[in-house]
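# What follows is a protein structure lacking sequence information:
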(Lines give C-alpha, C1' and ligand atoms only; values in the text may rest on other atoms or scores of the structure.)
Protein backbone atom coordinates (compact mmCIF):
# COMPACT_ATOMS: atom_id res chain seq x y z
CA UNK A 1 0.00 0.00 0.00
CA UNK A 2 1.25 3.39 -0.94
CA UNK A 3 1.08 5.98 1.82
CA UNK A 4 0.37 8.58 -0.84
CA UNK A 5 -3.21 9.80 -0.52
CA UNK A 6 -3.37 11.44 -3.94
CA UNK A 7 -1.89 8.40 -5.68
CA UNK A 8 -4.04 6.04 -7.71
CA UNK A 9 -5.38 7.99 -10.64
CA UNK A 10 -3.38 10.58 -12.52
CA UNK A 11 -1.68 12.79 -9.94
CA UNK A 12 -2.98 16.32 -10.12
CA UNK A 13 -0.72 18.35 -12.35
CA UNK A 14 -1.88 21.35 -10.35
CA UNK A 15 -0.02 23.77 -8.17
CA UNK A 16 1.13 21.19 -5.57
CA UNK A 17 4.88 20.64 -5.97
CA UNK A 18 6.27 17.10 -6.01
CA UNK A 19 8.78 18.01 -3.31
CA UNK A 20 8.10 20.72 -0.76
CA UNK A 21 10.73 21.72 1.78
CA UNK A 22 9.66 24.19 4.46
CA UNK A 23 11.72 25.65 7.29
CA UNK A 24 14.17 22.75 7.21
CA UNK A 25 16.82 22.77 9.96
CA UNK A 26 19.53 20.24 10.62
CA UNK A 27 22.12 20.05 13.33
CA UNK A 28 25.12 17.80 13.78
CA UNK A 29 25.57 18.08 17.52
CA UNK A 30 26.24 21.72 18.25
CA UNK A 31 26.87 22.54 14.61
CA UNK A 32 23.85 23.84 12.72
CA UNK A 33 24.29 22.96 9.04
CA UNK A 34 20.88 23.91 7.63
CA UNK A 35 19.15 27.12 8.72
CA UNK A 36 15.53 27.03 7.61
CA UNK A 37 15.55 25.89 3.99
CA UNK A 38 12.45 26.54 1.87
CA UNK A 39 12.30 24.93 -1.54
CA UNK A 40 9.64 23.62 -3.91
CA UNK A 41 10.43 21.24 -6.73
CA UNK A 42 7.72 20.80 -9.34
CA UNK A 43 7.06 17.79 -11.51
CA UNK A 44 9.44 17.54 -14.41
CA UNK A 45 11.66 20.27 -13.05
CA UNK A 46 15.45 20.02 -12.87
CA UNK A 47 16.81 21.88 -9.87
CA UNK A 48 20.56 22.20 -9.60
CA UNK A 49 22.15 23.12 -6.27
CA UNK A 50 25.60 24.69 -6.23
CA UNK A 51 27.71 26.34 -3.58
CA UNK A 52 31.02 26.05 -1.75
CA UNK A 53 31.82 22.81 0.06
CA UNK A 54 30.43 22.76 3.56
CA UNK A 55 27.46 24.88 2.51
CA UNK A 56 24.98 22.11 3.31
CA UNK A 57 24.06 21.04 -0.25
CA UNK A 58 24.55 17.32 0.28
CA UNK A 59 22.94 17.42 3.71
CA UNK A 60 19.88 19.06 2.20
CA UNK A 61 19.70 16.39 -0.51
CA UNK A 62 20.03 13.62 2.06
CA UNK A 63 17.22 15.10 4.13
CA UNK A 64 14.87 14.85 1.14
CA UNK A 65 14.70 11.03 1.39
CA UNK A 66 15.50 11.03 5.11
CA UNK A 67 18.84 9.26 4.80
CA UNK A 68 19.74 12.16 7.05
CA UNK A 69 17.03 12.79 9.65
CA UNK A 70 16.16 16.48 9.98
CA UNK A 71 15.40 18.29 13.22
CA UNK A 72 12.93 21.03 12.41
CA UNK A 73 10.74 21.94 9.51
CA UNK A 74 9.12 19.63 7.02
CA UNK A 75 9.77 17.77 3.81
CA UNK A 76 6.76 16.65 1.82
CA UNK A 77 6.96 14.28 -1.12
CA UNK A 78 3.79 14.44 -3.19
CA UNK A 79 1.93 15.68 -0.13
CA UNK A 80 3.29 13.04 2.25
CA UNK A 81 5.42 14.10 5.19
CA UNK A 82 8.85 12.44 4.86
CA UNK A 83 10.33 10.62 7.85
CA UNK A 84 7.65 11.32 10.41
CA UNK A 85 4.01 10.58 11.04
CA UNK A 86 1.81 12.74 13.22
CA UNK A 87 0.17 11.10 16.22
CA UNK A 88 -3.32 11.98 17.57
CA UNK A 89 -1.96 15.05 19.31
CA UNK A 90 -0.14 16.25 16.19
CA UNK A 91 3.33 15.39 17.49
CA UNK A 92 6.00 14.05 15.17
CA UNK A 93 6.70 10.35 15.58
CA UNK A 94 9.19 8.32 13.55
CA UNK A 95 7.65 6.88 10.42
CA UNK A 96 7.41 3.08 10.22
CA UNK A 97 10.23 1.34 8.35
CA UNK A 98 7.73 0.07 5.80
CA UNK A 99 6.24 3.47 5.02
CA UNK A 100 9.71 5.00 4.93
CA UNK A 101 11.00 2.40 2.48
CA UNK A 102 7.90 2.90 0.32
CA UNK A 103 8.65 6.62 0.11
CA UNK A 104 12.35 6.15 -0.53
CA UNK A 105 11.68 3.71 -3.34
CA UNK A 106 9.91 6.51 -5.20
CA UNK A 107 12.95 8.78 -5.00
CA UNK A 108 15.99 7.42 -6.80
CA UNK A 109 19.33 8.45 -5.36
CA UNK A 110 22.76 8.53 -6.95
CA UNK A 111 25.81 8.94 -4.73
CA UNK A 112 29.19 10.51 -5.24
CA UNK A 113 30.89 7.20 -4.40
CA UNK A 114 28.47 5.07 -6.53
CA UNK A 115 27.87 2.62 -3.66
CA UNK A 116 27.20 -0.33 -5.95
CA UNK A 117 26.91 -3.63 -4.10
CA UNK A 118 30.33 -5.21 -4.72
CA UNK A 119 29.18 -8.80 -4.10
CA UNK A 120 26.60 -8.60 -6.90
CA UNK A 121 27.02 -8.28 -10.66
CA UNK A 122 25.90 -5.10 -12.39
CA UNK A 123 22.60 -6.70 -13.41
CA UNK A 124 22.06 -8.15 -9.92
CA UNK A 125 22.61 -4.65 -8.54
CA UNK A 126 19.91 -3.30 -10.81
CA UNK A 127 17.30 -6.01 -10.15
CA UNK A 128 17.86 -6.08 -6.38
CA UNK A 129 15.35 -3.31 -5.66
CA UNK A 130 12.60 -4.56 -8.00
CA UNK A 131 13.03 -8.12 -6.71
CA UNK A 132 13.31 -7.47 -2.99
CA UNK A 133 11.38 -4.24 -2.47
CA UNK A 134 8.78 -4.51 -5.22
CA UNK A 135 8.64 -8.34 -5.25
CA UNK A 136 8.71 -8.35 -9.04
CA UNK A 137 9.07 -11.62 -10.90
CA UNK A 138 12.64 -12.48 -11.72
CA UNK A 139 12.01 -12.55 -15.47
CA UNK A 140 10.36 -9.13 -15.54
CA UNK A 141 13.03 -7.62 -13.31
CA UNK A 142 15.79 -8.93 -15.56
CA UNK A 143 14.06 -7.65 -18.71
CA UNK A 144 13.65 -4.20 -17.17
CA UNK A 145 17.17 -4.26 -15.74
CA UNK A 146 18.77 -5.22 -19.04
CA UNK A 147 16.76 -2.53 -20.85
CA UNK A 148 17.96 0.09 -18.36
CA UNK A 149 21.57 -1.03 -18.68
CA UNK A 150 21.23 -0.76 -22.46
CA UNK A 151 19.76 2.69 -22.00
CA UNK A 152 22.74 3.92 -19.97
CA UNK A 153 25.06 2.27 -22.47
CA UNK A 154 26.51 -0.61 -20.45
CA UNK A 155 24.28 -3.47 -21.56
CA UNK A 156 27.37 -5.55 -22.27
CA UNK A 157 28.57 -5.24 -18.65
CA UNK A 158 25.47 -6.84 -17.12
CA UNK A 159 27.27 -9.89 -15.76
CA UNK A 160 30.45 -8.18 -14.63
CA UNK A 161 31.22 -7.29 -11.01
CA UNK A 162 31.39 -3.55 -10.24
CA UNK A 163 35.09 -3.74 -9.34
CA UNK A 164 35.88 -4.66 -12.95
CA UNK A 165 34.35 -1.66 -14.71
CA UNK A 166 35.38 2.00 -14.88
CA UNK A 167 34.09 4.67 -12.53
CA UNK A 168 31.93 6.17 -15.24
CA UNK A 169 30.39 2.78 -15.97
CA UNK A 170 29.85 2.18 -12.26
CA UNK A 171 28.02 5.47 -11.90
CA UNK A 172 25.85 4.70 -14.92
CA UNK A 173 25.07 1.31 -13.38
CA UNK A 174 24.11 3.12 -10.18
CA UNK A 175 21.77 5.37 -12.16
CA UNK A 176 20.20 2.28 -13.76
CA UNK A 177 19.79 0.75 -10.30
CA UNK A 178 17.90 3.83 -9.12
CA UNK A 179 15.77 3.97 -12.30
CA UNK A 180 14.79 0.31 -11.89
CA UNK A 181 12.47 1.37 -9.07
CA UNK A 182 10.65 3.63 -11.56
CA UNK A 183 11.14 6.61 -9.23
CA UNK A 184 9.11 9.79 -9.55
CA UNK A 185 12.13 11.91 -8.74
CA UNK A 186 15.89 11.45 -8.88
CA UNK A 187 18.36 12.89 -6.38
CA UNK A 188 21.98 13.25 -7.48
CA UNK A 189 24.66 13.89 -4.84
CA UNK A 190 27.74 15.14 -6.69
CA UNK A 191 27.49 12.23 -9.15
CA UNK A 192 30.64 13.12 -11.08
CA UNK A 193 32.92 14.38 -8.31
CA UNK A 194 34.68 11.04 -7.83
CA UNK A 195 35.28 10.50 -11.54
CA UNK A 196 38.35 11.02 -13.68
CA UNK A 197 37.76 14.07 -15.91
CA UNK A 198 37.48 12.03 -19.11
CA UNK A 199 34.66 9.93 -17.60
CA UNK A 200 32.47 12.82 -16.45
CA UNK A 201 30.85 13.37 -19.83
CA UNK A 202 29.33 9.90 -20.18
CA UNK A 203 27.54 10.27 -16.84
CA UNK A 204 26.32 13.79 -17.56
CA UNK A 205 24.99 12.60 -20.93
CA UNK A 206 22.81 10.00 -19.19
CA UNK A 207 21.55 12.67 -16.81
CA UNK A 208 20.76 15.03 -19.69
CA UNK A 209 18.74 12.28 -21.36
CA UNK A 210 16.76 11.77 -18.17
CA UNK A 211 16.10 15.50 -17.87
CA UNK A 212 14.96 15.63 -21.48
CA UNK A 213 12.53 12.78 -20.77
CA UNK A 214 10.90 14.91 -18.10
CA UNK A 215 12.33 13.30 -14.97
CA UNK A 216 12.07 15.45 -11.87
CA UNK A 217 15.65 15.91 -10.69
CA UNK A 218 17.49 17.55 -7.83
CA UNK A 219 21.20 17.67 -8.60
CA UNK A 220 24.03 18.75 -6.33
CA UNK A 221 27.01 19.33 -8.57
CA UNK A 222 30.12 21.34 -9.33
CA UNK A 223 29.58 20.93 -13.09
CA UNK A 224 28.67 24.48 -14.08
CA UNK A 225 28.32 23.54 -17.75
CA UNK A 226 25.68 20.98 -16.84
CA UNK A 227 23.91 23.52 -14.63
CA UNK A 228 23.84 26.07 -17.43
CA UNK A 229 22.57 23.56 -19.98
CA UNK A 230 20.05 21.54 -18.01
CA UNK A 231 18.90 23.38 -14.89
CA UNK A 232 15.41 24.85 -14.94
CA UNK A 233 16.32 26.54 -11.70
CA UNK A 234 19.65 27.10 -10.04
CA UNK A 235 19.95 27.25 -6.26
CA UNK A 236 23.02 28.72 -4.62
CA UNK A 237 23.71 27.68 -1.04
CA UNK A 238 26.13 29.09 1.46
CA UNK A 239 26.53 28.39 5.18
CA UNK A 240 23.34 26.32 5.37
CA UNK A 241 21.15 28.89 3.64
CA UNK A 242 19.79 29.38 0.13
CA UNK A 243 21.28 32.71 -0.89
CA UNK A 244 20.15 32.88 -4.48
CA UNK A 245 17.56 31.29 -6.76
CA UNK A 246 17.10 31.85 -10.46
CA UNK A 247 17.87 30.60 -13.94
CA UNK A 248 21.46 29.58 -14.53
CA UNK A 249 21.82 32.24 -17.22
CA UNK A 250 20.71 35.01 -14.86
CA UNK A 251 22.84 33.91 -11.96
CA UNK A 252 25.97 33.26 -13.99
CA UNK A 253 25.62 36.57 -15.81
CA UNK A 254 24.69 38.78 -12.88
CA UNK A 255 24.77 37.24 -9.43
CA UNK A 256 22.99 39.43 -6.89
CA UNK A 257 24.62 38.07 -3.76
CA UNK A 258 28.29 38.95 -3.20
CA UNK A 259 29.08 35.41 -1.97
CA UNK A 260 27.58 33.96 -5.16
CA UNK A 261 29.82 36.21 -7.19
CA UNK A 262 32.81 35.17 -5.14
CA UNK A 263 31.98 31.46 -5.53
CA UNK A 264 31.39 31.74 -9.27
CA UNK A 265 34.69 33.58 -9.75
CA UNK A 266 36.43 30.53 -8.32
CA UNK A 267 34.64 27.85 -10.32
CA UNK A 268 33.82 29.41 -13.68
CA UNK B 1 68.64 -40.51 27.99
CA UNK B 2 64.87 -40.70 28.00
CA UNK B 3 63.44 -43.53 25.92
CA UNK B 4 60.14 -42.66 24.29
CA UNK B 5 57.47 -45.33 24.39
CA UNK B 6 54.87 -44.30 21.90
CA UNK B 7 53.61 -47.85 21.84
CA UNK B 8 51.77 -46.96 25.07
CA UNK B 9 49.42 -44.33 23.60
CA UNK B 10 49.16 -46.51 20.49
CA UNK B 11 47.92 -49.39 22.59
CA UNK B 12 45.31 -47.08 24.07
CA UNK B 13 44.32 -45.47 20.73
CA UNK B 14 40.67 -46.41 21.30
CA UNK B 15 40.69 -44.21 24.41
CA UNK B 16 42.06 -41.25 22.45
CA UNK B 17 39.48 -41.78 19.72
CA UNK B 18 36.72 -41.89 22.31
CA UNK B 19 38.03 -38.67 23.86
CA UNK B 20 38.38 -37.02 20.46
CA UNK B 21 34.74 -37.82 19.71
CA UNK B 22 33.64 -36.06 22.90
CA UNK B 23 35.94 -33.11 22.14
CA UNK B 24 34.46 -32.81 18.66
CA UNK B 25 30.95 -33.09 20.02
CA UNK B 26 31.46 -30.31 22.57
CA UNK B 27 33.20 -28.14 19.98
CA UNK B 28 30.39 -28.44 17.45
CA UNK B 29 27.70 -28.00 20.11
CA UNK B 30 29.33 -24.90 21.56
CA UNK B 31 29.95 -23.58 18.05
CA UNK B 32 26.26 -23.86 17.14
CA UNK B 33 25.24 -22.11 20.36
CA UNK B 34 27.98 -19.54 19.87
CA UNK B 35 27.12 -18.77 16.26
CA UNK B 36 23.39 -18.32 16.70
CA UNK B 37 23.59 -16.43 19.99
CA UNK B 38 26.64 -14.52 18.76
CA UNK B 39 24.81 -13.21 15.69
CA UNK B 40 21.84 -12.09 17.76
CA UNK B 41 24.01 -10.52 20.47
CA UNK B 42 26.32 -8.88 17.93
CA UNK B 43 23.38 -7.30 16.10
CA UNK B 44 21.79 -6.30 19.42
CA UNK B 45 25.00 -4.55 20.37
CA UNK B 46 24.91 -2.61 17.10
CA UNK B 47 21.37 -1.47 17.80
CA UNK B 48 20.64 2.14 18.63
CA UNK B 49 18.20 0.98 21.31
CA UNK B 50 19.93 0.82 24.66
CA UNK B 51 17.50 -1.78 25.93
CA UNK B 52 19.15 -4.07 23.37
CA UNK B 53 22.71 -2.83 23.19
CA UNK B 54 23.46 -2.58 26.91
CA UNK B 55 22.55 -6.14 27.92
CA UNK B 56 24.45 -7.38 24.86
CA UNK B 57 27.52 -5.38 25.88
CA UNK B 58 27.23 -6.67 29.44
CA UNK B 59 27.11 -10.26 28.24
CA UNK B 60 30.09 -9.85 25.93
CA UNK B 61 32.28 -8.03 28.43
CA UNK B 62 31.46 -10.48 31.23
CA UNK B 63 32.64 -13.44 29.18
CA UNK B 64 35.61 -11.58 27.76
CA UNK B 65 36.93 -10.34 31.08
CA UNK B 66 36.79 -13.55 33.12
CA UNK B 67 38.85 -16.74 32.77
CA UNK B 68 37.08 -19.49 30.88
CA UNK B 69 37.94 -22.12 33.46
CA UNK B 70 36.31 -19.99 36.15
CA UNK B 71 33.20 -19.61 33.98
CA UNK B 72 32.87 -23.38 33.63
CA UNK B 73 33.40 -24.07 37.31
CA UNK B 74 31.03 -21.25 38.24
CA UNK B 75 28.24 -22.53 35.96
CA UNK B 76 28.63 -26.05 37.34
CA UNK B 77 28.96 -25.24 41.05
CA UNK B 78 27.52 -21.74 41.65
CA UNK B 79 24.57 -21.68 39.26
CA UNK B 80 22.72 -24.47 41.14
CA UNK B 81 23.11 -22.54 44.40
CA UNK B 82 21.72 -19.36 42.87
CA UNK B 83 19.00 -20.79 40.67
CA UNK B 84 18.42 -24.34 41.79
CA UNK B 85 19.21 -25.57 38.27
CA UNK B 86 21.80 -28.35 38.41
CA UNK B 87 23.28 -28.97 34.98
CA UNK B 88 25.23 -32.10 34.15
CA UNK B 89 28.95 -31.48 33.76
CA UNK B 90 28.59 -31.99 30.01
CA UNK B 91 25.78 -29.45 29.69
CA UNK B 92 27.58 -26.98 31.95
CA UNK B 93 30.56 -27.14 29.59
CA UNK B 94 28.31 -26.72 26.54
CA UNK B 95 26.64 -23.70 28.12
CA UNK B 96 29.89 -22.16 29.31
CA UNK B 97 31.86 -22.63 26.11
CA UNK B 98 28.77 -21.76 24.04
CA UNK B 99 28.44 -18.49 25.94
CA UNK B 100 32.14 -17.82 25.68
CA UNK B 101 32.07 -18.41 21.93
CA UNK B 102 28.90 -16.32 21.56
CA UNK B 103 30.66 -13.38 23.22
CA UNK B 104 33.62 -13.55 20.85
CA UNK B 105 31.45 -14.28 17.80
CA UNK B 106 29.31 -11.27 18.69
CA UNK B 107 32.41 -9.09 18.57
CA UNK B 108 33.45 -10.62 15.24
CA UNK B 109 29.98 -10.00 13.78
CA UNK B 110 29.98 -6.45 15.09
CA UNK B 111 33.42 -5.68 13.72
CA UNK B 112 32.51 -7.29 10.39
CA UNK B 113 29.33 -5.26 10.02
CA UNK B 114 31.10 -2.06 11.08
CA UNK B 115 33.83 -2.67 8.50
CA UNK B 116 31.35 -2.42 5.62
CA UNK B 117 31.33 1.03 4.08
CA UNK B 118 28.48 3.21 5.33
CA UNK B 119 27.50 3.94 1.73
CA UNK B 120 26.31 0.35 1.31
CA UNK B 121 23.58 0.74 3.91
CA UNK B 122 22.64 4.14 2.51
CA UNK B 123 22.38 2.77 -1.03
CA UNK B 124 20.25 -0.14 0.14
CA UNK B 125 17.92 2.14 2.09
CA UNK B 126 17.75 4.55 -0.84
CA UNK B 127 16.27 1.91 -3.17
CA UNK B 128 13.61 1.30 -0.55
CA UNK B 129 14.90 -1.61 1.47
CA UNK B 130 14.01 -1.79 5.14
CA UNK B 131 16.99 -1.81 7.52
CA UNK B 132 16.38 -5.53 8.07
CA UNK B 133 16.42 -6.31 4.33
CA UNK B 134 19.54 -4.20 3.86
CA UNK B 135 21.30 -6.05 6.66
CA UNK B 136 20.34 -9.48 5.34
CA UNK B 137 20.84 -8.89 1.60
CA UNK B 138 23.63 -6.30 1.43
CA UNK B 139 25.61 -5.90 4.65
CA UNK B 140 25.86 -9.41 6.11
CA UNK B 141 26.82 -11.21 2.86
CA UNK B 142 29.76 -8.84 2.51
CA UNK B 143 30.61 -8.86 6.19
CA UNK B 144 30.58 -12.65 6.50
CA UNK B 145 33.41 -12.94 4.01
CA UNK B 146 35.55 -10.65 6.12
CA UNK B 147 34.58 -12.58 9.23
CA UNK B 148 35.94 -15.91 8.05
CA UNK B 149 39.54 -15.51 9.23
CA UNK B 150 38.73 -14.35 12.78
CA UNK B 151 35.88 -16.83 12.86
CA UNK B 152 38.17 -19.79 12.12
CA UNK B 153 40.60 -18.44 14.68
CA UNK B 154 37.86 -18.41 17.27
CA UNK B 155 36.78 -21.94 16.40
CA UNK B 156 40.35 -23.19 16.77
CA UNK B 157 40.48 -21.52 20.18
CA UNK B 158 37.19 -23.15 21.10
CA UNK B 159 38.42 -26.64 20.20
CA UNK B 160 41.42 -26.15 22.44
CA UNK B 161 39.31 -24.66 25.24
CA UNK B 162 37.27 -27.89 25.39
CA UNK B 163 40.26 -29.38 27.24
CA UNK B 164 39.09 -27.28 30.23
CA UNK B 165 36.12 -29.63 30.48
CA UNK B 166 38.51 -32.08 32.11
CA UNK B 167 38.24 -30.13 35.38
CA UNK B 168 34.54 -31.09 35.48
CA UNK B 169 35.45 -34.71 34.66
CA UNK B 170 33.89 -34.61 31.20
CA UNK B 171 35.60 -37.46 29.32
CA UNK B 172 37.14 -35.45 26.49
CA UNK B 173 40.70 -36.05 25.26
CA UNK B 174 42.59 -34.41 28.11
CA UNK B 175 40.52 -36.05 30.83
CA UNK B 176 40.96 -39.46 29.23
CA UNK B 177 44.68 -38.73 28.92
CA UNK B 178 44.99 -37.83 32.61
CA UNK B 179 43.34 -41.11 33.52
CA UNK B 180 45.76 -42.94 31.25
CA UNK B 181 48.74 -41.20 32.81
CA UNK B 182 47.57 -42.27 36.24
CA UNK B 183 47.59 -45.90 35.17
CA UNK B 184 50.56 -46.00 32.73
CA UNK B 185 53.00 -43.37 34.15
CA UNK B 186 53.81 -42.19 30.62
CA UNK B 187 52.91 -38.45 30.75
CA UNK B 188 55.37 -37.32 28.03
CA UNK B 189 54.09 -39.70 25.37
CA UNK B 190 50.49 -39.20 26.33
CA UNK B 191 50.57 -35.40 26.43
CA UNK B 192 52.43 -35.43 23.10
CA UNK B 193 49.65 -37.56 21.67
CA UNK B 194 47.04 -35.18 23.09
CA UNK B 195 48.78 -32.31 21.32
CA UNK B 196 48.82 -34.30 18.09
CA UNK B 197 45.12 -35.10 18.39
CA UNK B 198 44.23 -31.42 18.76
CA UNK B 199 46.46 -30.46 15.85
CA UNK B 200 44.79 -33.08 13.67
CA UNK B 201 41.36 -31.62 14.49
CA UNK B 202 42.29 -27.94 14.20
CA UNK B 203 44.65 -27.85 11.24
CA UNK B 204 42.21 -29.07 8.54
CA UNK B 205 39.80 -26.29 9.51
CA UNK B 206 42.44 -23.61 9.19
CA UNK B 207 43.44 -25.06 5.84
CA UNK B 208 39.85 -25.20 4.56
CA UNK B 209 39.31 -21.58 5.61
CA UNK B 210 42.35 -20.39 3.70
CA UNK B 211 41.06 -22.13 0.56
CA UNK B 212 37.63 -20.54 1.01
CA UNK B 213 39.23 -17.14 1.43
CA UNK B 214 41.18 -17.53 -1.82
CA UNK B 215 38.04 -18.63 -3.69
CA UNK B 216 36.09 -15.61 -2.51
CA UNK B 217 38.86 -13.25 -3.42
CA UNK B 218 38.82 -14.60 -6.98
CA UNK B 219 35.20 -13.85 -7.84
CA UNK B 220 35.53 -10.17 -7.06
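Yep, that arrived. Worth saying up front: this structure is predicted, and the values here are computed from it rather than measured.

# ok, residues contacting the one helix or strand residue A:75 maps to?
According to DSSP states H and E, residue A:75 maps onto strand A:72-77. Strand A:72-77 is contacted from outside by A:18-25, A:36-37, A:63-64, A:66, A:81-83, A:103, A:106-107, A:185, using CB atoms under 8 Å, 6 or more residues apart in numbering or on different chains. From N, CA and C alone the C-beta is placed, and that goes for glycine too.

# try 6 Å this time
A:19-25, A:64, A:82, A:103 (CB atoms under 6 Å, 6 or more residues apart in numbering or on different chains).

# Show me which of these is closest to chain B.
Lowest distance from chain B to those (CB to the nearest CB) belongs to residue A:103, with 8.1 Å.

# how much space between residue A:223 and residue A:115?
20 Å (CB to CB, to the nearest Å).

# Check chain B for the residue nearest chain A and tell me.
Counting by CB to the nearest CB, chain B gets nearest chain A through residue B:128, at 2.7 Å.

# quick revisit: is there a quick PyMOL command that grabs whichever of the contacts of strand A:72-77 are buried?
Selection of the buried residues among the contacts of strand A:72-77 in PyMOL, burial being defined by 16 or more other CB atoms under 10 Å in any protein chain shown:
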select buried, chain A and resi 19+20+21+24+25+64+82+103
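
# filter the contacts of strand A:72-77 down to the ones near chain B?
Residues of the contacts of strand A:72-77 in contact with chain B (CB under 6 Å from any CB of the partner chain): none.

# So which of the contacts of strand A:72-77 sit within strands?
A:19-25 (DSSP state E).

# got the residues you listed as a markdown table, with distance to residue A:44 and pLDDT columns?
As requested, the ones in strands among the contacts of strand A:72-77 are exported to a markdown table (distance: CB to CB, whole Å; pLDDT from 0 to 100):
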| residue | distance to residue A:44 | pLDDT |
| --- | --- | --- |
| A:19 | 12 | 96 |
| A:20 | 15 | 96 |
| A:21 | 18 | 96 |
| A:22 | 21 | 95 |
| A:23 | 25 | 95 |
| A:24 | 23 | 96 |
| A:25 | 28 | 96 |
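
# model confidence over stretch A:203-216, on average?
The pLDDT scores in stretch A:203-216 average 96.

# Could you check how far residue A:134 is from residue A:144?
Taking CB to CB, one finds residue A:134 at 10 Å from residue A:144.

# actually residue B:87, sorry about that
57 Å.

# Just give the nearest non-adjacent residue to the most centrally placed residue in chain A, would you?
Nearest residue to the geometric centre of chain A (CA atoms, centre = their mean): residue A:187, 0.5 Å. Nearest-residue entry for residue A:187: residue A:109, 4.6 Å, with adjacent residues in sequence omitted and distances by CB to CB, 6 or more residues apart in numbering or on different chains.

# residues in contact with stretch B:183-190?
B:5-6, B:8-9, B:177, B:180-181.

# Only whichever of these are buried, select them in PyMOL.
Applying 16+ other CB under 10 Å to the contacts of stretch B:183-190, the buried members can be selected in PyMOL as follows:
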select buried, chain B and resi 8+9+177+180+181
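
# Lovely, talk soon.
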